[in-house]
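J.: Quick one, what's the 3D model for this:
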Amino acid sequence: MTTRYRVEYALKTHRRDQFIEWIKGLLAVPFVLYSQPQGVFEGQGIHGSPQTRDEAHRRYSEILRDVELMIDDHIAIQNDPENPFPSKLKLLVPPIGPFFTRLPLEAAFKFQDRKRYISSRRFVSPSFNDVRLILNSAQIMAVTTYGTLQLATFDGDVTLYGDGESLEPNSPVIPRLMDLLRKNVKIGIVTAAGYTTADRYHGRLHGLLDAIANSAELTPSQKQNLVVMGGEANYLFEFSADSPHLLAPVPRSRWLTPEMANWDERDIAELLDVAEAALLDCIKSLNLPATLMRKDRAVGIIPITPDIRIPRESLEETVLVVQKILELSSAGRSRRVPFCAFNGGRDVFVDIGDKSWGVTVCQRWFGANAPGGIIKGENTLHVGDQFLSAGANDFRARSVGTTAWIASPAETVELLDELAELMGKKMS
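T.: Residues are numbered from 1 along each chain as shown. Purely as a prediction, here's the structure:
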């Protein structure tokens, strides 16, 4: 049962994506006008006549085509350095960021409508998840239609495997990732897990790493098209068939961007000190059953014992408090070192850097021989589960490439199947 509390909690600003909510609001109008729920009592059948469905489908399509054109206008303005004025879309949805490709929303809606029967519903209007999946389909249509996908990056927990679990050999994600490698798409696993040794990452990713090592179909160069970026943007490992754990650490001197190389260790220590104090204060004031964990590039809180689940609200309160304290501190105001405070589902961590830096490192690592020495944003797709504006560590990846927002490993499988179909059509 959905309680009033849960409804109100879901409406909090930090729990919403304003672009999705705006589109959802636009689609609510034709739903109200054309859903005709009274038809159930007038002998029209549970889901109405074909004419009713067709009219709802037409109106939904028109709205999404109009949004598509507004995005085209937004892209034209964002790419015009001489234009000082905001786009219409920016005025309507102020938090909207850059787009790296146009989005064929009308075509994506028609694809999802065939799967989810959105136009046939009488009592449930187009939902947040409907719009999220339409945007996902539009994005992968764009990266395969208007350009070529060169780099796919993935979050770990809840994206490739369940929260706190590992990528096992029988995971349906593995053959899909192997297919991307066979098509010469580079893969970066950009995870918040901040391990400093290869054995820990092998433990989480052994199903994929063993499959790559034992594959007779992948060439040696294709096997090298996998890297793991840990701690958001702090530890890089490349695939190595000769290493005991199939991963070899890459010295920071080989992959740090010029901006990252300028991050001063004293500034990093100061920022983590402030975060640590804020976390300890949250443990005390919220009476959290948690203990502090400090690393060289991160600090966080974890449950005292693995069987304890800290309430979601307490985790999000901690994230928002720590983030605000850091933003107002001298270390945060200086902006010399970027940071990311996020809710990991069972814990809260503050990492140095964020996934925009992690994805950028992957773009530079694999794009060393590309024009400009980097794979461009329009040729990059980041797949993750955390895209809310606060307490979500995939959110900032939107600033460096295209993204797809999934909610489970099963959705990742569906997305990769859709992507493979589109790539197959383009190659044929």
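
J.: Just to check, Phe85 is in contact with Ala76?
T.: No - the pair Phe85 and Ala76 does not pass the contact test of Cβ atoms under 8 Å, sitting 11.7 Å apart. Backbone N, C-alpha and C define where each C-beta goes, glycine included.

J.: between these two, which one's more packed in?
T.: Set side by side, Phe85 and Ala76 give different neighbour counts by other Cβ atoms under 10 Å, the larger being at Ala76 (12 against 9).

J.: gap between the more buried one and Lys376?
T.: Taking Cβ to Cβ, to the nearest Å as the criterion, Ala76 is separated from Lys376 by 18 Å.

J.: Paired strands for the host helix or strand of Asp351, with orientation please.
T.: Element membership for Asp351 (DSSP states H and E) is strand 348-352. For strand 348-352, the pairing partners within the sheet under DSSP bridges are strand 298-303 (antiparallel), strand 339-343 (antiparallel).

J.: tell me the most buried of those?
T.: Neighbour counts averaged per stretch over those are highest for strand 339-343, at a mean of 25; criterion: mean count of other Cβ atoms under 10 Å.

J.: contacts for that strand?
T.: Contacts of strand 339-343 from elsewhere in the structure, counted by Cβ atoms under 8 Å, 6 or more residues apart in numbering, are 192, 232, 271, 275, 312, 315-316, 318-319, 322-323, 326, 332, 348-355, 386, 391-393, 396.

J.: now with 6 Å?
T.: Here strand 339-343 makes contact (Cβ atoms under 6 Å, 6 or more residues apart in numbering) with 232, 271, 315-316, 319, 322-323, 350-352, 354, 391, 393.

J.: on that earlier part again, figure out how far the strand holding Asp351 is from the centre of its chain.
T.: 17 Å (Cα atoms, centre = their mean, to the nearest Å).

J.: Check the gap between Glu62 and Arg333 for me.
T.: Computed as Cβ to Cβ, the Glu62 to Arg333 distance reads 46 Å.

J.: Likewise for Gly230?
T.: With distances defined as Cβ to Cβ, the gap from Gly230 to Arg333 amounts to 28 Å.

J.: Among the two, which residue is more densely surrounded?
T.: When neighbours are counted by other Cβ under 10 Å, Gly230 comes out ahead of the other of Gly230 and Arg333, with 26 against 10.

J.: List the beta-bridge partners for the more buried one.
T.: Using DSSP bridges, the beta-bridge partners of Gly230 come out as Tyr235.

J.: just the strands in the stretch 51-200 of the chain please.
T.: 151-154, 186-190 (DSSP state E, counting those that start in this stretch).

J.: Make JSON lines from those and add mean pLDDT and distance to Ile140 to it.
T.: JSON lines is the format used below for the strands of the stretch 51-200 of the chain (pLDDT from 0 to 100; distance: least, Cβ to Cβ, whole Å):
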{"stretch": "strand 151-154", "mean pLDDT": "98", "distance to Ile140": "10"}
{"stretch": "strand 186-190", "mean pLDDT": "98", "distance to Ile140": "15"}
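
J.: Measure how buried Met293 is and give me the count.
T.: As a burial measure, the neighbour count of Met293 was computed by other Cβ under 10 Å and equals 15.

J.: which ones are touching it?
T.: Met293 sits in contact with 300, 302, where contact means Cβ under 6 Å, 6+ apart.

J.: can you do 8 Å?
T.: Applying Cβ under 8 Å, 6+ apart, the residues contacting Met293 are 299-302.

J.: what distance separates whichever helix or strand Ala211 is part of from the middle of the whole chain?
T.: Element membership for Ala211, per DSSP H and E: helix 198-214. Between the mean C-alpha location of helix 198-214 and the chain-wide mean there is a distance of 22 Å, by Cα atoms, centre = their mean.

J.: again with stretch 57-69
T.: The gap between the average C-alpha position of stretch 57-69 and the chain average comes to 25 Å, counting by Cα atoms, centre = their mean.

J.: For Ala368, grab the count of nearby residues.
T.: Residues contacting Ala368 under the criterion other Cβ under 10 Å number 9.

J.: Can you give me the pLDDT of it?
T.: Reading off the per-residue confidence, Ala368 sits at a pLDDT of 89.

J.: Extract the residue ranges of the stretch 251-400 of the chain that are flagged as low pLDDT.
T.: When residues are selected by pLDDT under 70, those of the stretch 251-400 of the chain lie in 389-393.

J.: what are the ranges of the helices in it?
T.: When secondary structure is read from DSSP state H, counting those that start in this stretch, the stretch 251-400 of the chain shows helices at 252-255, 258-261, 265-285, 312-328, 330-334, 355-366.

J.: Could you export those as TSV, including distance to Glu165?
T.: Formatted as TSV, the entries for the helices of the stretch 251-400 of the chain read as follows, by distance: least, Cβ to Cβ, whole Å:
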stretch	distance to Glu165
helix 252-255	28
helix 258-261	30
helix 265-285	25
helix 312-328	19
helix 330-334	34
helix 355-366	20
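
J.: Out of those helices, which is the most enclosed?
T.: When the helices of the stretch 251-400 of the chain are scored by mean count of other Cβ under 10 Å, the highest mean neighbour count falls to helix 355-366 (a mean of 25).
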